[in-house]
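*Asks:* Make a model of this:
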Amino acid sequence: MPTEASGNSSRTIAAVTGSNNVQISREFADGMNLLVVGSASVSEFHLTITPRPSESPAAMIRRLAEVLDPLEATVVRQIAFGSVAASQPTLTALRRAFDTTDLPLTWVEGMGCDGSALSGIQVHAVSGVPVQALPLGANASARIWRDATATHCVLSGLRPANRNILSPDQAHETFQAIQGGLARARMTMRDVARTWFFLDDILNWYGAFNRVRNLVFEQNELRPGFLPASTGVRGRNPAGAALTAAVWAVKPHDDMAGTVHFVPSPRQCAATAYGSAFSRAVEINSGGFCQLLISGTASIEPGGMTVHVGDVRAQIELAMQVAGAILESRGLEFSDVSRATAYFKSGADLPIFQDWLEDNGLLALPVVNTCCEICRDDLLFEIELDAIAAGG
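*Replies:* Next up, the predicted model:
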């Protein structure tokens, strides 16, 4: 594969041309992974920036800008994992890099497994189509764009208006914020394909959060088999709210086109079986290519119980097998992954995951590794990932 110089490191470029005039290429270097999808209706860019040894958050932002600036693309979603203390200086650096105060950013407390202040930033950007920006107040925002098949809306940085009420009430207010943002985009909860919920002190109120989510989905007539993909882990936010959220909604131009598919897991039961209202995965066929969005996946057996309690190596192995089976069920592989987040209860367990990646030839996986509590006290590892392929 050809190699191009980029600063003090090389960028390896691997390209493959798919069907329907769609081209997918990937570039990667130390601390950077970029997947580019080019189609007749839209180009998409999925960028992951992770820290180099002893690198400051400001230096990471400079690298991010160096990659994005030549693309002339509009950022529609950013999720940053880092300490709350690092959030303000990093936000300042982002505003300076992009010359705007309106950033589509969701900040989540997620220290690097090596103790770094910023464990990674994941960026989704598009070009070739107009992008409408809607500020939603209190650093929340919406980005709306259309391709040949559907209208897309990403809501970022959502949180409750009142931080002085009980956590379940804050969750209810956050869902109200989601519905309000979707309404401005002329969408409803039925159009939601993917959600991220980062809950402070998750182990003490995840059950109550699920009850709020279930009620909202019931009131909006979302059927159990047609629920969004989702991640729910612990993550404080700079505002000190009980939770923060991000949402990706997709509204097909033709309701009969089958643009959004809800995908089960071949190796796990539906999450609704144990009270969580989300799908194991969702597939979006839009713009001439398909994107598979796999929910947070952990060491849970087909009946819904945690397995391999206390054995992080076995939990990692099972979680990756489950994710791999979902990919395979849609004709995809780990080599098609465009973005991933690995959540560790203990950062000391990262080398075990890296060993798994090396053993399976996946050291170039575009993954952010971060530390946080997962939704069950006995879960030591969770991974979410997206994959993209031509066709659809």
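*Asks:* now the strand or helix carrying residue 174, how far from the chain's geometric center?
*Replies:* Here residue 174 sits within helix 167-184, counting by DSSP states H and E. In this view, helix 167-184 has its centroid 19 Å away from the chain centroid, taken as Cα atoms, centre = their mean, to the nearest Å.
*Asks:* Tell me the buried residues in that helix?
*Replies:* 167-168, 170-175, 177-179, 181-182 (16 or more other Cβ atoms under 10 Å). Any C-beta I mention is one placed from the backbone N, CA and C, and that applies to glycine too.
*Asks:* Farthest pair within the residues you listed?
*Replies:* 167 and 182 (22.8 Å; Cβ to Cβ).
*Asks:* ok, residue 156 - how many residues close by?
*Replies:* Other residues near residue 156 come to 27 when the count uses other Cβ atoms under 10 Å.
*Asks:* Repeat that for residue 80.
*Replies:* 26.
*Asks:* Same list (the buried residues of helix 167-184) but as JSON lines, adding distance to residue 28.
*Replies:* JSON lines is the format used below for the buried residues of helix 167-184 (distance: Cβ to Cβ, whole Å):
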{"residue": "167", "distance to residue 28": "39"}
{"residue": "168", "distance to residue 28": "42"}
{"residue": "170", "distance to residue 28": "39"}
{"residue": "171", "distance to residue 28": "37"}
{"residue": "172", "distance to residue 28": "42"}
{"residue": "173", "distance to residue 28": "40"}
{"residue": "174", "distance to residue 28": "35"}
{"residue": "175", "distance to residue 28": "37"}
{"residue": "177", "distance to residue 28": "36"}
{"residue": "178", "distance to residue 28": "34"}
{"residue": "179", "distance to residue 28": "38"}
{"residue": "181", "distance to residue 28": "33"}
{"residue": "182", "distance to residue 28": "35"}
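*Asks:* Residue 233: neighbour count?
*Replies:* 25.
*Asks:* Show me the beta-bridge partners of it.
*Replies:* residue 198 (DSSP bridges).
*Asks:* how far away is it from residue 198?
*Replies:* 6 Å (Cβ to Cβ, to the nearest Å).
*Asks:* Show me where the stretch 1-150 of the chain has its strands.
*Replies:* For the stretch 1-150 of the chain, strands defined by DSSP state E, counting those that start in this stretch occupy the ranges 3-6, 9-17, 23-29, 32-38, 43-49, 74-82, 105-109, 118-127, 132-137, 140-146, 150-158.
*Asks:* Show me which positions of the longest one end up buried.
*Replies:* Counting neighbours by 16+ other Cβ under 10 Å, one finds that the buried residues in strand 118-127 are 118, 119, 120, 121, 122, 123, 124, 125, 126, 127.
*Asks:* Out of those, which is nearest to residue 75?
*Replies:* Proximity of the buried residues of strand 118-127 to residue 75 (Cβ to Cβ) peaks at residue 125, which lies at 4.7 Å.
*Asks:* Kindly provide the distance from that closest one to residue 342.
*Replies:* Taking Cβ to Cβ, one finds residue 125 at 23 Å from residue 342.
*Asks:* Neighbours of the residue nearest to residue 95 when sequence neighbours are not counted, how many?
*Replies:* Distances taken as Cβ to Cβ, 6 or more residues apart in numbering place residue 101 nearest to residue 95, at 5.6 Å, with adjacent residues excluded. Other residues near residue 101 come to 10 when the count uses other Cβ under 10 Å.
*Asks:* Okay, helices next: where are they in the stretch 151-300 of the chain?
*Replies:* For the stretch 151-300 of the chain, the helices defined by DSSP state H, counting those that start in this stretch occupy 167-184, 202-219.
*Asks:* and for the first one, what are the contacting residues?
*Replies:* Same thing as helix 167-184. 134, 136, 140, 142, 153, 155, 158-163, 165, 188-189, 191-192, 199-201, 205, 208-209, 211-213, 216, 241-245, 247, 249 (Cβ atoms under 8 Å, 6 or more residues apart in numbering).
*Asks:* same question, the last one
*Replies:* Applying Cβ under 8 Å, 6+ apart, the contact partners of helix 202-219 are 167-168, 171-172, 175, 189, 197, 199, 227, 232-234, 242-243, 275-277, 373-377.
*Asks:* Give me the buried entries from those residues.
*Replies:* Buried members of those, scored by 16+ other Cβ under 10 Å, are 167-168, 171-172, 175, 189, 197, 199, 227, 232-234, 242-243, 276-277, 373-376.
*Asks:* Now do residue 93 against residue 140, distance only.
*Replies:* Residue 93 sits 20 Å away from residue 140, going by Cβ to Cβ.
*Asks:* Among the two, which residue is more densely surrounded?
*Replies:* Applying other Cβ under 10 Å to residue 93 and residue 140 shows that residue 140 carries more neighbours, namely 24 against 19.
*Asks:* The more buried one bridge partners, please.
*Replies:* Bridge pairing for residue 140 - DSSP bridges - gives residue 137.
*Asks:* show me the contacts for it.
*Replies:* Listed by Cβ under 8 Å, 6+ apart, the contact partners of residue 140 are 155, 156, 157, 158, 159, 177, 181.
*Asks:* Thanks a lot, see you next time.
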